[in-house]
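> Sequence unavailable; structure follows:
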């Protein structure tokens, strides 16, 4: 199963009053997570949550990981964030017919005098 890294490339991450910006720290952490995923043989994909179009499909290539790290080192100070839209877009692409789920309900022991029903989406 691929690991998707969502990186906020908006201007709010780049503006700072200290030596390293939140953006630089987030990029450093994302690079470490990507290398850890690749060590576990999990493909890594990247989705930028700023205005610029940044979507790198999951890959097992370390070279590809280094390329997107270098590509992401450049940022714009006028870039807005669109995190909610990007998460929705990613969620729609992750629905897989082989791994679809159905909703199940179970009756649990009552809590005080209240009926307790557990509801969960269970993979088939």
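Sure, I can see it. The structure presented is a predicted model; accordingly, all values stated were derived computationally and were not measured. Residues are numbered from 1 along each chain as shown.
> average pLDDT for the lengthiest helix in the chain?
Under DSSP state H, the helix in the chain containing the largest number of residues is helix 22-39. The average pLDDT within helix 22-39 is 85.
> Provide the contact partners of it at residue level.
3, 5, 7-9, 13-14, 16, 43-44, 46, 60, 62, 65, 69, 72-73, 75 (C-beta atoms under 8 Å, 6 or more residues apart in numbering). Yep, even glycine has a C-beta here, placed from its N, CA and C like the rest.
> Could you check that helix and say which residues are buried?
For helix 22-39, burial by neighbour count (16 or more other C-beta atoms under 10 Å) applies to 23, 26-27, 30-31, 34, 37-38.
> gap between the next helix or strand after it and the chain center?
Downstream of helix 22-39, the next assigned helix or strand under DSSP states H and E is strand 44-48. On the basis of C-alpha atoms, centre = their mean, to the nearest Å, strand 44-48 sits 7 Å off its chain's mean C-alpha point.
> quick one, strand 44-48 and helix 22-39 angle?
160 degrees (axes from the mean of the first three to the mean of the last three C-alpha atoms, to 10 degrees).
> Given strand 44-48, what are its sheet partners and their directions?
Strand 44-48 sits in its sheet next to strand 3-7 (parallel), strand 55-59 (antiparallel), going by DSSP bridges.
> closest to residue 112 out of those strands?
Counting by C-beta to C-beta, residue 112 lies closest to strand 3-7 out of these; the figure is 40.6 Å.
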